[in-house]
Structures are given as C-alpha cells and as structure tokens.
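When you get a sec, could you give me coordinates for this:
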Amino acid sequence: MIIMNLHIDFLRTFITVSETKGFTKAGKLVNRSQSAVSMQIKRLEDEVGKPLFERIGKTVKLTTDGNLLIDYARRIVKEHDNAVIALSKPALKGLIRFGSPEHYTTGVLPNLLARFASSYPDVLVEMRCENSDVIKNAVDKGELDVGLCTQIHGGGQVIYHDPVVWIADPGFLLPKDKSLPLAVFEEDCIFRAWVLKALEKAGIEYRIVYVSRSMSGIVDAVRAGLAIASIVQSNVPSDLTTLGPESGLPVLPISDIVLHTVKSPVTETVACFADHLIKAFREKG
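Below you'll find the predicted structure:
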C-alpha cells in the first residue's frame with residue numbers, strides 16, 4: 001500500500017489554483033509568489049505520483065487525477081479548518097470592530113457572522129457599513145480592526161475577485177428604441193462610475209430612473225421592473241436574472257475585494273476573524 005502525506009497547505013493551494021485556473025491569480029489569493037505556488041503544486045504532484053494540472057498557455061486545467069483529488073482536497077481542508085476552529089474556541093475573547101460596504105453584507109457576510117458568533121460566543125463583533133474609502137480611512141486611524149474594501153489595495157490583501165454583472169427581473173424587456181432605464185448607486189459609488197463609463201463607451205443611451213445608497217433599494221427597483229442595475233455576482237438574488245453580452249450590454253469590470261487590518265499588532269482574535277473572512281470568500285468562489 002502506497003502511503004501519501006497530503007500537506008494541508010499544498011491542498012489549499014491546489015484548490016485555489018483549480019478555481020482560478022492559473023498560478024499567478026492563485027498566488028495573489030494565497031499570498032504567495034507564482035514560483036512558490038508552482039513549487040507547492042510540484043511537491044503535491046510528486047507526493048501523489050501523478051500530474052494534477054494540464055498546462056494550456058498561461059492557464060491550467062485539472063487532469064483526470066486532479067479531478068479525482070479535488071473533492072477530497074476540499075473535504076480535507078474543510079475538516080482541518082473545522083478542527084482548528086473547535087480547538088481554538090476557548091482562547092478567543094474580546095471585541096472586533098468590522099467595516100464593509102453594503103455590497104457584501106447581503107451575500108457572504110451574514111452566514112459568516114452567524115457562524116463566527118456560534119463558534120466564538122465570547123467575541124463581540126461590531127459591524128459598520130460605509131463606502132470603501134471611509135472603511136479604509138477608519139482602519140488606518142485605528143477606529144476599525146478589520147475592513148473590506150472594493151479596489152483599494154494599498155496595504156491590503158486581495159481575497160476575492162467578484163465580477164460586476166447586469167441584473168434584471170426575468171420578465172424585463174430591454175428597450176430597442178428607447179434609452180436604457182438604470183437603477184444606480186449614489187455618485188460616490190465606484191460601481192456607478194463603472195456602469196456609466198461602460199455604457200458611454202459602447203454608445204448605449206441610458207436614463208437614470210432610480211438612485212439609492214442601499215443594495216436593497218437597487219434590488220427592489222429591479223424586482224419592480226423599473227430598471228436594470230449592476231451588482232457583484234456573488235450578491236445576485238436567485239429570483240433575478242443576469243444579462244450578458246448576448247443582450248447587447250457591455251462587459252463590466254471585475255471587482256477586487258480587499259481585506260485591510262489595523263496596523264498596530266493584530267490580536268489573535270482579529271487574526272482569526274480575518275482568516276474566517278478569507279476562507280468564506282474562497283468557499284463562495
């Protein structure tokens with residue numbers, strides 16, 4: 001019987017490469033260089049004795065053996081992380097001041113906060129919803145311990161790439177001879193700037209019929225059939241549909257979700273919470 005030692009860090013990197021289909025993108029998510037990612041995959045392949053990825057230009061795809069391993073790898077990593085959480089529960093106490101734009105508070109975060117509260121009942125998480133620039137400034141000033149920001153990279157870690165997509169009510173018909181009705185966020189939102197720039201570049205006429213600061217307001221306007229809108233893909237409600245280039249709409253940018261932590265020595269509690277955020281977005285991916 002062949003004895004293998006499947007190193008947990010190698011499996012975590014293996015999963016990330018399979019999801020991003022590239023060593024460079026995977027390196028950004030696991031906070032390692034491309035060469036370090038390549039080395040880990042090579043060592044895992046040596047341990048298994050079989051190639052796990054097929055290289056196609058700058059991208060990779062799983063081999064037959066890679067596809068066989070990937071589900072096991074996800075289960076192994078998940079059980080490992082659950083064990084770490086269970087063993088570390090008694091040591092964690094204190095307060096975490098956390099900030100995020102509303103774009104993420106209706107997707108991954110509710111379940112994450114509920115799980116974290118269940119796992120660490122002695123930790124209190126205070127949540128603050130603001131725009132990314134406000135969140136970043138608050139982290140820099142020490143007013144927040146952890147913050148999620150869109151596209152603000154300085155000193156932060158990119159933990160997820162979330163495409164911005166068009167959403168509409170399933171019964172909504174795109175107008176052919178009229179300007180496109182839009183529901184948009186207020187003027188200080190980067191998503192609004194991306195949408196208007198993309199439409200203007202494509203030469204598509206539009207009219208703003210609904211403006212809101214909140215995600216719920218934008219989604220309600222779309223559900224009512226008043227307009228189409230753009231939000232991050234991870235937040236698309238199941239009762240709405242996405243529209244792509246086949247509908248004549250321009251492709252929108254991919255949003256980087258960047259994690260920032262307070263610059264003073266990070267407590268074990270804050271570090272644990274930040275790690276939970278990273279893993280939650282990876283699981284979403």
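
Going along the chain, name the helices of the stretch 51-200 of the chain.
For the stretch 51-200 of the chain, applying DSSP state H, counting those that start in this stretch gives helices covering 64-88, 102-105, 109-119, 132-140, 190-202.

Mind exporting the C-alpha coordinates of stretch 151-171 to PDB?
Listed next in PDB are the C-alpha coordinates belonging to stretch 151-171 (Å, rounded to 0.1, in the frame of the first residue of the first chain):
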ATOM      1  CA  GLN A 151     -10.500  48.200  -5.300                       C
ATOM      2  CA  ILE A 152      -8.500  50.000  -2.500                       C
ATOM      3  CA  HIS A 153      -5.300  47.900  -2.400                       C
ATOM      4  CA  GLY A 154      -2.700  49.900  -0.500                       C
ATOM      5  CA  GLY A 155      -1.600  47.700   2.400                       C
ATOM      6  CA  GLY A 156      -4.400  45.200   1.900                       C
ATOM      7  CA  GLN A 157      -4.800  41.700   0.700                       C
ATOM      8  CA  VAL A 158      -7.000  40.800  -2.300                       C
ATOM      9  CA  ILE A 159      -9.100  37.900  -1.100                       C
ATOM     10  CA  TYR A 160     -11.700  37.600  -3.900                       C
ATOM     11  CA  HIS A 161     -12.300  38.700  -7.500                       C
ATOM     12  CA  ASP A 162     -16.000  39.300  -7.900                       C
ATOM     13  CA  PRO A 163     -17.400  40.100 -11.400                       C
ATOM     14  CA  VAL A 164     -19.800  43.000 -11.700                       C
ATOM     15  CA  VAL A 165     -22.900  41.900 -13.700                       C
ATOM     16  CA  TRP A 166     -26.100  43.300 -15.000                       C
ATOM     17  CA  ILE A 167     -29.300  42.100 -13.300                       C
ATOM     18  CA  ALA A 168     -32.900  42.400 -14.300                       C
ATOM     19  CA  ASP A 169     -36.300  41.000 -13.500                       C
ATOM     20  CA  PRO A 170     -36.900  37.800 -15.600                       C
ATOM     21  CA  GLY A 171     -39.800  39.500 -17.300                       C
END
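
Buried residues, it. List them.
Within stretch 151-171, the residues that qualify as buried by neighbour count (16 or more other Cβ atoms under 10 Å) are 152, 156-157, 159-162, 164-169. All C-beta spots, glycine's among them, are computed from the backbone N, C-alpha and C.

tell me which of these is nearest to Ile204?
Trp166 (11.4 Å; Cβ to Cβ).

For stretch 60-70, the averaged confidence score.
Model confidence over stretch 60-70 averages 92 on the pLDDT scale.

The longest strand along the chain pairs with which strands?
For the chain, the strand with the greatest residue count under DSSP state E is strand 157-168. In the sheet containing strand 157-168, its partner strands are strand 229-232 (antiparallel), strand 241-243 (antiparallel), strand 254-261 (antiparallel), by DSSP bridges.

Please identify the deepest-packed of those strands.
Greatest average neighbour count among the strands paired with strand 157-168 goes to strand 229-232 (a mean of 25), per mean count of other Cβ atoms under 10 Å.
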